[in-house]
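In: fold the stuff below for me.
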Amino acid sequence: MAPITKECDYLVIGGGSGGLASARRASGQWSAKTIAVESNRLGGTCVNVGCVPKKVTWNAAAIAETLHEAKAYGFSIKETAPFDWKTFKHKRDAYVERLNGIYAKNLGNDHVEWLHGRARLRSKNEAEVVLDDGSKETIRAKKILLATGGHPNIPKIPGSELGITSDGFFDLEKRPEKVALVGAGYIAVEMAGMFHHLGSETHLFIRHDKFLRNFDPMIQDKIVSEYERQGIIIHRNSSQSEVEKHPEKAGWLKLHYSDSENKSGTLDIDCLLWAIGRNPEVEDLGLDKAGVKQNERGQIIADDYQNTNIDGIYSLGDVCGKIELTPVAIAAGRQLANRLFGGPDFRNAKLDYTNIPSVVFAHPEVGSIGMTEPEAREKYDDKVKVYNTSFTAMYYAMMEPNEKAPSSYKLICVGPEEKVVGLHILGSGCSEMLQGFGVAVKMGATKKDFDSCVAIHPTSAEELTTKALPKDFVHFNMASTHQLKVQDIFSVKDYVCLVTGGGTGIGLMATQALAANGAKVYITGRRMEALENAAKNHSPEGGGHIIPIGPCDVTSKSDLEKLVQKLASKEKYLNLLITNAGVSGPKAPPDSTSADELHDKIWQAESVDDWSSVLKTNVTSVYFSTVAFLPLLQASIGEKFAPRSPSVIVISSMSGIMRHSQGHFAYNAAKGATVHLSKLMSAEFEKAEVRVNSIAPGYFPSEMTMKESDDSNKTHMPAEKVQEKGHVPADRPGSDEEMAQAVIFLCKNCYVNGELIAVDGGVLNQVPGR
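Out: Purely as a prediction, here's the structure:
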């Protein structure tokens, strides 16, 4: 094998927006020795054949549109003002070339070494780069990022190579007279609008009856209708069978197709543009040499932390096909560099892939963030409230009715708080408008927040702050009877939960309660065999799951950090944390009137180490476990759950409330501290909309109290053992069902915070406490 010629901390293969953002952050901010490799122009698809030249072209089309509309304002301008495509293309190309130079300069400013060539993996930490002059470099890297992007797809039909893709669009030297675009996504819709407004006869071929089918139905309906009003010819439910050179017109093509009526036809065109999707750029990348896995589409498989299946190799952007947007790749690249090289503070850094705003630069523009209405109704059912408005922007006030473009906005809200989980807008200025409203949605804004913002008048955006109530509106203090079914108001279906000490005792009772009702429950503890045994014996048939996530010493911050990272690699969020880990500590019965006897009994039976151990497990671990999972808990608010729904339940004890030591000074003192700690955390973490409550169990059968358990991790506590104490009005131990009821209640009731529920059979009514 060729000898190593270069070594680095970070090798970035791919010079697009995501790869370069990661390379610059790693080197410029974190001083990691970084090498970037790119075989084409710097900036990738976005800068060279994507977002940047597209937006410049969209601007030109928008100006043409404005010229057409200017007469309504009294301007005497020819509607068919000449457009010099050649001059425009030359200036657009020069702008892109200038950006290429800026990218190269920025790499130098951040001390990133840039190699112009093609890289191929040789192993998990080595790559060979063939440079432009044919020479080779062999690089060994501690970490490798694969950010090679993608390329347009072309159908496998006769003559398809006669068409162009979005890449070829920017090479066109003149405006086509008659163009056919095939596709129904961003690229096809955007370019159809540009061609049309720059004067080309435009035909759009789609496989179904609508386009932008991943967007909200309102968007689909309005944009299709508007494109047809403008004069774009839409061929629905169409397919293409052949492309051939026109037999009579030089430079023209003949497209063979069938349409929605299953009729075959041909269309004479001088430009055919395929926009039917993109494939990952992985050819000759050497993925097999490094063992990197791909999905069925050939995309590199990467998790939300950008990890591939190979330790030390990462991937982001179009090549792994998550959300194929430039800002997403840039943000993911920077977060990855932070995590890899930024030290302990960034150990869990990753991009939050929820609520990513996106815009289609159509005519008119389209903007969207969050869930569509069908997605919301599938997840939330009748908890969804939708606010719609359609209007004519003031810009069109001077125009004839048939020349006025529509504006339509939709807010999708969920739950009594009316949290905004989806926002969809269509109309002039939407691309700029969405950024600010996107921040609001990302922060968890409610309909009330929108309504409380004083409108800027006159603007189109004010419609989002002054919307009328929907027809099906039900005030949240006036729930209908069918909304109050127990199985609905206490449903934990699809909840993600973590129970510490979840393999035995009260922790296992809580685990069973949640899993039985549809939750996914991760359990941890000190003994893996106990966790596996709990999952084996108590996982419900159908519905929820009990998943041992591995052993963890919750008194260790490093163990907790590893647990957080492990859970975050599996789940986007956490709905409920139950802190149940506990130890009983030494027992020193103080029942004596003699101070000397009291001294001897206690002094000899207990040690400072005993107390430290009990406090560390029963109090300190509760605090750090809760703090460790706060970000994952809050992250659930950005998904399908309302503010204040994230919950922590601290399992304390009635012993922490009563004024009676029971011979367990250390244990009872620790549990008393836990009760107060829960109240402190509830007050402080309220700001993050995470609730903290605690349960004070009485006499429940557990491994800790009975010092034994059966093959299924369960323990039996005879009623006589409780009856002999003489202060338990219920005259028996608590049951699994009674603990389950308390757990589910505190988990689900978003209006309860900072409370302590004693589940003790009435003991605290008999024994002084509280």
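
In: quick check: Asp494 vs Ile313, distance?
Out: Remark: distance between Asp494 and Ile313 (C-beta to C-beta, to the nearest Å) = 32 Å. Heads up, the C-betas are built off the backbone N, CA and C, glycines and all.

In: make that Gly444, sorry
Out: 35 Å.

In: what does Ile77 give?
Out: Ile77 is 57 Å from Ile313, by C-beta to C-beta.

In: more neighbours: which of Asp494 and Ile313?
Out: Neighbours per residue, other C-beta atoms under 10 Å: of Asp494 and Ile313, the larger number sits with Ile313, 25 against 14.

In: tell me what that one is bridged to.
Out: When assigned by DSSP bridges, Ile313 has beta-bridge partners Ile144.

In: and the pLDDT for it?
Out: If you check Ile313, the pLDDT there is 98.

In: so what's it up against?
Out: Going by C-beta atoms under 8 Å, 6 or more residues apart in numbering, Ile313 touches 124, 143-146, 290, 292.

In: after the helix or strand containing Thr87 comes which helix or strand?
Out: Using DSSP states H and E, Thr87 sits in helix 85-109. Note on helix 85-109: by DSSP H and E, the next helix or strand toward the C-terminus is strand 113-123.

In: and the helices in the stretch 351-500 of the chain?
Out: Here the stretch 351-500 of the chain has its helices, by DSSP state H, counting those that start in this stretch, at 373-380, 430-442, 447-452, 486-489.

In: for the longest one, list the C-alpha coordinates in CSV.
Out: If I follow you right, that is helix 430-442. Output of helix 430-442 as CSV, limited to C-alpha atoms (Å, rounded to 0.1, in the frame of the first residue of the first chain):
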residue,chain,number,x,y,z
CYS,A,430,-43.5,34.3,2.5
SER,A,431,-39.8,33.3,2.2
GLU,A,432,-38.7,36.3,4.3
MET,A,433,-41.7,36.1,6.6
LEU,A,434,-41.3,32.5,7.6
GLN,A,435,-37.9,32.9,9.3
GLY,A,436,-39.3,34.9,12.2
PHE,A,437,-42.4,32.8,12.6
GLY,A,438,-40.2,29.7,12.4
VAL,A,439,-38.3,30.9,15.5
ALA,A,440,-41.6,31.3,17.3
VAL,A,441,-42.7,27.7,16.4
LYS,A,442,-39.3,26.3,17.3
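
In: you'd agree Arg334 is up against Arg25?
Out: Yes. Between Arg334 and Arg25 there is a contact under C-beta atoms under 8 Å: 4.7 Å.

In: who has more neighbours out of these two?
Out: Using other C-beta under 10 Å, the more surrounded residue of Arg334 and Arg25 is Arg25, with 25 against 20.

In: isn't that one up against Ala337?
Out: Yes. The pair Arg25 / Ala337 is scored as a contact, 3.8 Å apart, by C-beta under 8 Å.

In: from Gln604, how far off is the residue sitting furthest away from the middle of the chain?
Out: Ranked by distance from the centre of the chain (C-alpha atoms, centre = their mean), the top residue is Ser594, with 64.3 Å. Distance check for Ser594 against Gln604: by C-beta to C-beta, it reads 15 Å.

In: quick one: contacts for the residue nearest to Asp449 when sequence neighbours are not counted?
Out: Nearest non-adjacent residue to Asp449, counting by C-beta to C-beta, 6 or more residues apart in numbering: Ala440, 6.8 Å away. Contacts for Ala440 (C-beta under 8 Å, 6+ apart) come out as 420, 449-450.

In: domain assignment for the chain?
Out: 6-152+279-346, 160-276, 358-370+379-484, 490-765 (automatic domain parsing).

In: endpoints of the second one, how far apart?
Out: Here the two ends of domain 160-276 are set 12 Å apart, with distance taken as C-alpha to C-alpha, to the nearest Å.

In: repeat that for the third one.
Out: Across domain 358-370+379-484, the straight-line distance between its terminal residues is 37 Å, by C-alpha to C-alpha.

In: average pLDDT across that domain?
Out: For domain 358-370+379-484, the per-residue pLDDT averages 86.

In: how far does that domain sit from its chain's centre?
Out: Centre-to-centre, domain 358-370+379-484 and its host chain are 21 Å apart (C-alpha atoms, centre = their mean, to the nearest Å).

In: please apply the same query to the longest one.
Out: When C-alpha coordinates are averaged (C-alpha atoms, centre = their mean), domain 490-765 and its chain have centres 30 Å apart.

In: when you give positions from now on, start the count at 39
Out: Yes, from this point I'll number from 39; that puts the last item at domain 528-803.

In: now render the domains of the chain as TSV, adding distance to Asp390.
Out: TSV is the format used below for the domains of the chain (distance: least, C-beta to C-beta, whole Å):
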stretch	distance to Asp390
domain 44-190+317-384	8
domain 198-314	20
domain 396-408+417-522	8
domain 528-803	7
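
In: how near is Leu449 to Ala443?
Out: 21 Å.

In: so the two - more neighbours on which side?
Out: When neighbours are counted by other C-beta under 10 Å, Leu449 and Ala443 differ, and Leu449 comes out ahead with 24 against 20.

In: next, count neighbours for the closest residue to the more buried one other than its chain neighbours.
Out: In space, and not counting its chain neighbours, Leu449 is closest to Tyr425: 4.2 Å by C-beta to C-beta, 6+ apart. By the criterion of other C-beta under 10 Å, Tyr425 has 21 neighbours.

In: what's the answer for the one 5 residues further on, then?
Out: Residues near Thr430, counting by other C-beta under 10 Å, number 15.

In: next one: Thr664
Out: 20.

In: dump the C-alpha coordinates for stretch 316-336 into PDB.
Out: Taking C-alpha atoms only, stretch 316-336 is exported to PDB below (Å, rounded to 0.1, in the frame of the first residue of the first chain):
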ATOM      1  CA  ARG A 316     -31.400  13.100  -6.700                       C
ATOM      2  CA  ASN A 317     -29.100  10.200  -6.000                       C
ATOM      3  CA  PRO A 318     -26.300  10.200  -3.400                       C
ATOM      4  CA  GLU A 319     -22.700  10.900  -4.600                       C
ATOM      5  CA  VAL A 320     -21.100   7.700  -3.500                       C
ATOM      6  CA  GLU A 321     -19.600   6.100  -6.600                       C
ATOM      7  CA  ASP A 322     -15.900   5.100  -6.100                       C
ATOM      8  CA  LEU A 323     -16.000   6.600  -2.600                       C
ATOM      9  CA  GLY A 324     -14.600   3.300  -1.100                       C
ATOM     10  CA  LEU A 325     -17.400   2.800   1.300                       C
ATOM     11  CA  ASP A 326     -16.900  -1.000   1.100                       C
ATOM     12  CA  LYS A 327     -13.300  -0.700   2.100                       C
ATOM     13  CA  ALA A 328     -14.300   1.100   5.300                       C
ATOM     14  CA  GLY A 329     -17.400  -1.000   5.900                       C
ATOM     15  CA  VAL A 330     -19.800   2.000   5.800                       C
ATOM     16  CA  LYS A 331     -23.400   0.900   5.500                       C
ATOM     17  CA  GLN A 332     -25.900   2.300   3.000                       C
ATOM     18  CA  ASN A 333     -29.700   2.100   2.700                       C
ATOM     19  CA  GLU A 334     -31.700   0.700  -0.200                       C
ATOM     20  CA  ARG A 335     -31.300   4.100  -2.100                       C
ATOM     21  CA  GLY A 336     -27.600   4.000  -1.700                       C
END
